[in-house]
Structure formats: C-alpha cells, structure tokens
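1. One predicted model, sequence on top.
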Amino acid sequence: MTPNIFAPASTPAFAIRELAVFVIGITGVIFFLVAGLTAFTLVRFRRRRGDDGREPAQVYGSVQIELAWTVVPLLIVVVLFLVTARYIYAIERQSPPPDALEITIVGHQWWWEIRYPKLGIVTANELHVPVSDPARPTPAFITLQSADVIHSFWIPQLAGKMDVVPNKTNRVWIEPRQPGTYVGQCAEYCGLQHAGMLLTATAHSQEDFARWVAEQRAPGRDEAGARAGRERFASLACISCHTIRGTPANGVFRPDLTHLMRRSTLGAGVIPNTPQMLRAWIDDPAVLKPGALMPAMKLAREDLDAVTAYLLTLN
C-alpha cells in the first residue's frame, strides 16, 4: 500500500488529515484570491494600443487597505495556530489505557528493532498490531529510541512523524481501525542507506494478532536436516551480532533471527525474503544494500548453502 496521509487508517492519522484539509482549504482560498486579483490587474491595467505612455494617477496611501492586509493575515495566522495547537494537544496528551499494547522501537543504521516488552517478543522491520475495537479501544503506544544517529519514525496512514533521537525517548501512538499493511519510512536523513530504511506495519484482527503473538513467543524450530548448517552458523561471528533463541547465538547488535522466515523482506524492506535473496544477502549484503554494516561472509559454496538451508528453517 502506498503511503498517503489522505487515506488514514488510524485515529491520530484521521486527526492529522482533518487538520491538513483545513489548512489546505484556507491557503487554497488565499491562493485563488491572490491569483485572481493578479490576473485581473494584468488584464485590466495592461498597456493598450494608443496609450500615450503617461503614468496613471497614483495612490499614495489608504488606511483601509493597510488595515486589511495587516489584520486579515494576522487573524488567519491566529486561527491556524489555535486549530493546530488543539490537534497537537489532543494527539500528544493521549494517555495509554491499562491494557494498551506497549512497543519499543529502536532505530539503527539502517533497520528498525521492534520489541514487545510485556510479550517477550523481539523482531525487526515489520511491526504487528491489533485492530482497535471502537467498543473497547486497544491503541498501541510506541516508545522510540535510537542506537546511533537521528532517525525519524513515520507511517503516514497510522500517525504523524516523530524523530528518533540518541539519548532521548519519544512517544507516539497508533490505533488502526481496519486490517491491512501500511508502509513507513525513516524520514530523517541518517546516512548512506537512509532511503533503504523501510518499515511495514500490519494491523491484524484480534484473533490473527493473538495467533501471531503465539507464533513469535514459541521457541525457534529448525529441521533435523539443517544440523550441518546450524553447526556452521554457530562457528561464525554471526552469533556475536544476532540472536536465535535456543542456540548459542545471543547477539544484540543486529536483528533477532529466531523467526526469520516469517518476515516478508530482508535488509529493512530492501529485498524480498526468498531463498535466493537470503543466500545472496549472507554472501555479501553490500551488493544488495551498499553501505550495509553487516560484513560480507564470503563463505565457501558448500558452507554458504548449508547456512542458508539452516536459516530457511527458522519459522
């Protein structure tokens, strides 16, 4: 789904659209008024054949005109300020209900770490939340942190943009009203792969979200036939950066791989999560995502095949 602030699917996004339409309406009226007067002036007072070239009568001052172009813009600015402040206050001062879903999202160069502290779930780049029932609202409150530089969290159809700043915690909340997958993007330049720092948010029905939670909380499972790949993976430096629950891999610097194959993309949305792409990513990520901080493994062909086969079993 293409990001579009005019197709909101969450309570804060609906409020932002209302404000945007109000501001566009006022500025649109101003634009057409000024453009209309400019066009009228160009036509009405254009130079005509037969004009003697003398300067027309000049107006050297008008109290009424001076008051008009001072007071009217001032009133417009005051109205825009008050309306904007009202919407910002309504969004920013929302308090989480006792059963609100708490999520922590950490921005890294160039991917998103997503934690569900109360559920014991850690994933990456793909946010999952339940659809809110109007009779019993279940918003998701997101704590935003950065592990390195300034990023900016923005899923236009769910909420407004919020900066992710090192050594500072910001908060944003979303309340999807309908199921679907919504695309987000880091909206603050953060380095070479800023444009390749995508994010998707999937809003599930309550039943589907409960099923997703159960799947994510289950221990990682790999097939017996992947033993060689598992042992090869455990011998590599990968285990210092990545976590796979139930294995020696307990790194915290890069995405948790416990349920890797339940994700639809790799590299924060840069490539689809397919066997061919996964193999290419393990071999040399920089070919697919220039500047990626994951080093090129450059494994022997048989080792690369074995590690890929192992990771493909992580459901």
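-> Sure thing, it's come through. Residues are numbered from 1 along each chain as shown.
2. The residue lying closest to residue 108 once chain neighbours are set aside - how many residues pack around it?
-> In this structure, residue 108 finds its nearest non-sequential neighbour in residue 147, 4.9 Å apart by C-beta to C-beta, 6 or more residues apart in numbering. All C-beta atoms are positioned from the backbone trio N, CA, C, and that covers glycine. Residue 147 has 15 neighbours, counted by other C-beta atoms under 10 Å.
3. Please state the backbone phi and psi of residue 147?
-> Main-chain torsions, residue 147, degrees, to the nearest 10: phi -100, psi -10.
4. Do I have it right that it meets residue 104?
-> No - using C-beta atoms under 8 Å, residue 147 is not in contact with residue 104; the gap is 11.7 Å.
5. all helices of the stretch 1-150 of the chain, in order?
-> 11-44, 63-92 (DSSP state H, counting those that start in this stretch).
6. just the stretch 151-300 of the chain next, same as before
-> In the stretch 151-300 of the chain, the helices defined using DSSP H, counting those that start in this stretch lie at 206-217, 227-234, 238-241, 275-283, 285-288.
7. Let me see the contact set for the residue nearest to residue 122 when sequence neighbours are not counted.
-> With C-beta to C-beta, 6+ apart as the criterion, residue 122 has its nearest non-adjacent residue at 4.5 Å, and that residue is residue 256. Contact analysis of residue 256 by C-beta atoms under 8 Å, 6 or more residues apart in numbering lists 122-124, 242-245.
8. Can you get me a residue count around residue 178?
-> So residue 178, with other C-beta under 10 Å, has 10 neighbours.
9. Excluding chain neighbours, give the residue nearest to it in space.
-> Of all residues not flanking residue 178 in the chain, residue 9 sits nearest, at 5.5 Å (C-beta to C-beta, 6+ apart).
10. ok, now which ones touch the one you found?
-> Here residue 9 is in contact with 157-158, 176-178, 180, 182, 203 (C-beta under 8 Å, 6+ apart).
11. Give me the below-cutoff pLDDT ranges for this protein.
-> 1, 220-225 (pLDDT under 70).
12. Got the domain ranges for it?
-> Per automatic domain parsing, the structural domains of the chain span 101-216, 224-311.
13. re earlier: how near is the residue nearest to residue 178 to residue 135?
-> 18 Å (C-beta to C-beta, to the nearest Å).
14. that older thread, redo the domains of the chain as TSV? Include distance to residue 24.
-> Formatted as TSV, these follow (distance: least, C-beta to C-beta, whole Å):
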stretch	distance to residue 24
domain 101-216	16
domain 224-311	30
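15. Which stretch among the ones you listed is buried most, on average?
-> Burial of these is given as mean neighbour count (mean count of other C-beta atoms under 10 Å); domain 101-216 ranks first at a mean of 19.
16. now the end-to-end length of that one.
-> 16 Å (C-alpha to C-alpha, to the nearest Å).
17. ditto for stretch 42-61
-> So stretch 42-61: terminal residues 21 Å apart, C-alpha to C-alpha.
18. cool, stretch 178-191 as well?
-> Stretch 178-191 end-to-end distance (C-alpha to C-alpha) = 34 Å.
19. again, but for stretch 240-249
-> Termini of stretch 240-249 sit 7 Å apart (C-alpha to C-alpha).
20. repeat for stretch 159-176
-> 10 Å.
21. again, but for stretch 130-142
-> 14 Å.
22. what bridges to residue 111?
-> residue 108 (DSSP bridges).
23. Would you check that it makes contact with residue 197?
-> Yes - Residue 111 is within contact range of residue 197, at 6.6 Å (criterion: C-beta under 8 Å).
24. quick one: common contacting residues for these two?
-> residue 268.
25. What residues of stretch 40-52 count as buried?
-> By neighbour count with 16 or more other C-beta atoms under 10 Å, stretch 40-52 contains no buried residues.
26. Quick one: residues in contact with that stretch.
-> residue 56.
27. Make CSV out of the contacts of residue 256 and add distance to residue 116.
-> Output for the contacts of residue 256, formatted as CSV (distance: C-beta to C-beta, whole Å):
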residue, distance to residue 116
122, 8
123, 8
124, 12
242, 19
243, 15
244, 18
245, 14
